[in-house]
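1. A structural model of the following input is requested.
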Amino acid sequence: MDLNFNKNEDHNKLLLSDLRQKFSKIKLGGGEKRIQKLHSEGKMTARERIDYLLDNGKSIEIGAFVGKGMYKEHGGCPSGGVIIKIGYIKGKQCIVVANDATVKAGAWFPITAKKNLRAQEIAMENRLPIIYLVDSAGVYLPLQDEIFPDKEHFGRIFRNNALMSSMGITQISAVMGSCVAGGAYLPIMSDEALIVDKTGSIFLAGSYLVKAAIGESIDNETLGGATTHCEISGVTDYKAKDDKEALDKIKNIVDKIGDYDKAGFSRIKAEKPALAEKDIYGILPKARNEQYDMMEIIHRLVDNSEFEAYKDGYGQTIITGYARIDGWAVGIVANQRKVVKTKNGEMQFGGVIYSDSADKATRFIANCNQKKIPLVFLQDVTGFMVGSKSEHGGIIKDGAKMVNAVSNSVVPKFTIIIGNSYGAGNYAMCGKAYDPRLIVAWPSAELAVMGGTQAAKVLAQIEASSLKAKGEIVDEEKEKELFDKIKARYDEQVSPYYSASRLWTDAIIDPLDTRTWISMGIEAANHSPIEKKFNLGVIQV
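-> This next block holds a predicted model:
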C-alpha cells in the first residue's frame, strides 16, 4: 500500500469514527434520565421495542440523523422523535415506526411528520407491511402551524393509512403510551390495533380538556384506557398486559400473513467481492477534488468483483454496466472520477458529465428497464460540462435525455452518494427528487449546488461588490474575512449530516454496509410487481 492509500484510509476511518460517535449520542434520544423514567413506568424505549420485535439479524434504520441541529430553541428533536427500521418479523420483511417518548413525550415536530410520511412512502412503493408502535403526546403545539394544515403535513398520515388499506398493505398498530387528538386515528385506521393495559390510552381529548369543554369529570384510564377500548368501545382488537406481550402478539399476527406477489428481479446465490471491501477506505481520496478510479470502488461492492461494462470505451466519465450485489442483478450507473482520454485524444475531467456519457447513460437506463434490472447510482459528480464547445454540442439536450430516462424509469432505483453531489449532476444521477427507493450517503459525501470553495468565492465577490457600492473600503483582508465566513457557513450546509437531518438522504452509512442497503432495498422492491411500462415520452434526439 502506498503512502497516499494510508492517508486516505486514516481520513475515512476518522470520518467513520465520527459517524459512530454521533450515532451513539443520537441513540439516547431525549437522554438517559428520560430513558430511566420510561423504565420506571414499566415501558420499553422505542429502540428497545423495535429490537425486541425484529428477528435477530440485519436491519437498516431510516433517518437516524433526522432533526440533528434543528429546533435548538425548542430543545432539539433527536431522530425527529421517531425511530424507523426495515427488518424482519418471523422472517417477513417489514417496516417498523416507533414514537420515541423520551423526546418531548413523543410529540410531533414538523420533521417528525416528514419522517413518518417517508416511512409510509417506503411501505407504499414496496408494498411492505408496516407496524406502528404508538407512544405520542400529539402535535407539538408551539410549531403547529408548520405541521397541521398543509398537504405534506400531519393529516397526510391518515390519508396514507386509508390508501394503504385499499392497496392491501398490512398495517398493525400497538398503542403503548399516549395516543391523543388527531393522532388517535392512526392506530384505528390500521388493520388491527393493540393496546397495553394501564400505559396505553386513546382519546380525542384528555380528561382536562373534557372537563374544560363539557364539564365532565373523568380520569384518563376510564376515558380511553385498554379496558374501555377492548370491552366497551370496541376501538381496539387486543389487550396486552405489558410491552413485551403486545410485541409478541404482533409477531404472531405477522407470522400468519400469506406470501406476496413478486416483481421477479433476478437473484442467485450471493458471493462476496473477490477484492477486499475494506480497501475502499484507502481508495476514496481525502480531498474531494482528487482523482481516483471508480472501478476500484465498484469491484469492492459487487459479487465476485465481476462487472460487465456497457459501452466501455464511449462516454467514459460515466461508467455503466451489469453486476450482482448479494445475488441480485443490478445495473450500475457511476461517475468516473479519473481524467480520461477519448478516442480523439481529448482529455475529459473526472466527475463531470459530458454529452457522450449522458447519451450512454440514457441508453443503458432504457436497457435495464427493458430487462427488469434494478438500477444503482453511485454519485461523485460535479455537474455537466460547461463552455462553448459543450453548449454547441448540445449538452443541455443530452443532459435532458438522461434526466428524462431517470425520471421515467419504472425499475427500482437506489442512490449511493459517495462524494460530490453538485448541481444538475445530482438530478441526472437520481437525487432525492427522482424517487430512488432508498438514497444514502457515505461520510465523505457533499450535497450542494456547487462546491464550497467555488460557491464561497462567488458569494464573497457579490458581497464585496455590494459593500463597495455603499462606499465601504474592501481590501484583501476584508475579502478574506468575507470568504472565510461564507465558506464556513457553506461547508456546514454541504455536510452529509445537514442533508440527513432534513431527510434529503435516508441515512449516512459505513461504505461497507452499502451491499446490505442495496440488497434489502431490492428485496423490499420485489414485493411490488411493476405495473407501468417504461416510456421516455417526447425527447429531442
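2. contacting residues for G225?
-> 195, 197-198, 200-201 (CB atoms under 8 Å, 6 or more residues apart in numbering). (Each C-beta comes from the backbone N, C-alpha and C, glycine too.)
3. from those, pick the one nearest Y281.
-> G200 (46.2 Å; CB to CB).
4. that closest one against A184, yeah?
-> No: contact between G200 and A184 fails when scored by CB atoms under 8 Å: they sit 11.5 Å apart.
5. who has more neighbours, the two?
-> G200 (29 against 21; other CB atoms under 10 Å).
6. skipping adjacent residues, who's closest to that one in space?
-> V175 (4.1 Å; CB to CB, 6 or more residues apart in numbering).
7. one more: V449?
-> G423 is the one closest to V449 (CB to CB, 6+ apart), at 5.5 Å.
8. with I122 instead?
-> I95 (5.8 Å).
9. for the one you found, what is the enclosing helix or strand?
-> strand 92-99 (DSSP states H and E).
10. please apply the same query to L503.
-> Per DSSP H and E, there is no helix or strand for L503.
11. can I get stretch 447-454 in CSV, CA atoms only?
-> C-alpha atoms of stretch 447-454 as CSV (Å, rounded to 0.1, in the frame of the first residue of the first chain):
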residue,chain,number,x,y,z
LEU,A,447,-24.5,17.8,-1.4
ALA,A,448,-24.9,21.3,-2.8
VAL,A,449,-25.5,23.4,-5.9
MET,A,450,-21.7,23.7,-6.3
GLY,A,451,-18.5,23.0,-4.3
GLY,A,452,-17.9,25.1,-1.1
THR,A,453,-14.8,26.9,-2.4
GLN,A,454,-16.4,27.9,-5.7
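12. list of residues touching it?
-> Under CB under 8 Å, 6+ apart, the answer for stretch 447-454 is 288-289, 382-383, 417, 420-423, 426, 441, 446, 455, 487, 490-491, 493-494, 496, 498-499, 504-505.
13. give the contact list for the residue lying closest to I268 once chain neighbours are set aside.
-> Distances taken as CB to CB, 6+ apart place G327 nearest to I268, at 5.2 Å, with adjacent residues excluded. Residues in contact with G327 (CB under 8 Å, 6+ apart) are 267-271, 303, 519.
14. pretty sure G87 sits in a strand.
-> Yes: counting by DSSP: H, G, I helix; E, B strand; the rest coil, G87 is found in a strand.
15. residues in contact with stretch 18-25?
-> With CB under 8 Å, 6+ apart, stretch 18-25 has contacts from 64-65, 68, 443, 497, 508, 510.
16. buried residues of that stretch, list them for me.
-> 19, 22 (16 or more other CB atoms under 10 Å).
17. then stretch 340-359?
-> 340, 348, 350-359.
18. tell me which of the residues you listed fall in strands.
-> 340, 348, 352-353 (DSSP state E).
19. so, low pLDDT: which residues of this structure?
-> Within the chain, the stretches with pLDDT under 70 are 1, 182, 392, 451-452, 539-541.
20. show me it divided up by domain.
-> Structural domains assigned to the chain are 1-28+263-445+505-540, 31-255, 450-494, following the TED database.
21. how many residues are close by the residue nearest to G200?
-> The local packing of V175 (other CB under 10 Å) involves 32 other residues.
22. generate a ChimeraX selection restricted to the buried subset of the contacts of stretch 447-454.
-> In ChimeraX syntax, the buried subset of the contacts of stretch 447-454 is picked out as below (16+ other CB under 10 Å):
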select :288,382,383,417,420,421,422,423,426,441,446,455,487,490,491,494,496,498,499,504,505
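23. so which of the contacts of stretch 447-454 are in helices?
-> 423, 426, 455, 487, 490-491, 493-494, 496, 498-499 (DSSP state H).
24. need the max-distance pair from those residues.
-> Across the ones in helices among the contacts of stretch 447-454, the longest distance by CB to CB is 20.5 Å; it joins N426 and K487.
25. which of the contacts of stretch 18-25 are buried?
-> 64-65, 68, 443, 497, 508, 510.
26. what is the nearest of these to T228?
-> Closest to T228, out of all of the buried ones among the contacts of stretch 18-25 and judged by CB to CB, is A64, at 36.0 Å.
27. go ahead and confirm that closest one touches G29.
-> No: taking CB under 8 Å as the definition, A64 is not a contact partner of G29, at 11.1 Å.
28. and which of the ones in strands among the buried residues of stretch 340-359 is nearest to F154?
-> Using CB to CB, those come closest to F154 at I353, 39.5 Å.
29. which residue packs closest to the closest one, ignoring adjacent ones?
-> That would be F384: by CB to CB, 6+ apart, it lies 4.8 Å from I353.
30. hang on, isn't that neighbour packed against E391?
-> No: in this structure F384 lies outside contact range of E391 using CB under 8 Å: 10.2 Å.
31. can you tell me the SS state at L223?
-> helix.
32. OK, contacts around it?
-> Contacts of L223 (CB under 8 Å, 6+ apart): 201, 203, 206-207, 210.
33. try H39
-> T45.
34. helix or strand: which one has the nearest residue to M189 once chain neighbours are set aside?
-> Of all residues not flanking M189 in the chain, N161 sits nearest, at 3.7 Å (CB to CB, 6+ apart). If you go by DSSP H and E, N161 is part of helix 155-167.
35. pretty sure I439 is in a strand, no?
-> Yes: under the criterion used here (three-state DSSP), I439 sits inside a strand.
36. mind starting the numbering at 47 from now?
-> Yes, from this point I'll number from 47; that puts the last item at I485.
37. quick one: it from Y134, how far?
-> As judged by CB to CB, to the nearest Å, I485 and Y134 stand 22 Å apart.
38. of the two, which one has the most company?
-> I485 (26 against 18).
39. surely the more buried one and T461 touch.
-> Yes: if you go by CB under 8 Å, I485 and T461 touch, sitting 4.2 Å apart.
40. what touches both of the two?
-> Going by CB under 8 Å, 6+ apart, residues that sit against I485 and also against T461 are 476-478.
41. now, which of these sits nearest E87?
-> The closest of the shared contacts of I485 and T461 to E87 turns out to be K478 (CB to CB; 38.4 Å).
42. got a list of what the closest one touches?
-> Contact partners of K478, counting by CB under 8 Å, 6+ apart, are 461, 485, 550-551.
43. helix or strand for I218, which one?
-> strand 217-226.
44. quick one, that strand and strand 138-145 angle?
-> 10 degrees (axes from the mean of the first three to the mean of the last three CA atoms, to 10 degrees).
45. any idea which helix or strand comes after strand 217-226?
-> For strand 217-226, the succeeding helix or strand toward the C-terminus, using DSSP H and E, is helix 231-234.
46. ok, the shared contacts of I485 and T461 vs E119, which is closest?
-> K478 (26.9 Å).
47. roughly how far does E352 sit from G229?
-> Note on E352: its distance to G229, by CB to CB, is 50 Å.
48. more crowded one of these two?
-> A direct count of neighbours by other CB under 10 Å for E352 and G229 places G229 higher, at 24 against 14.
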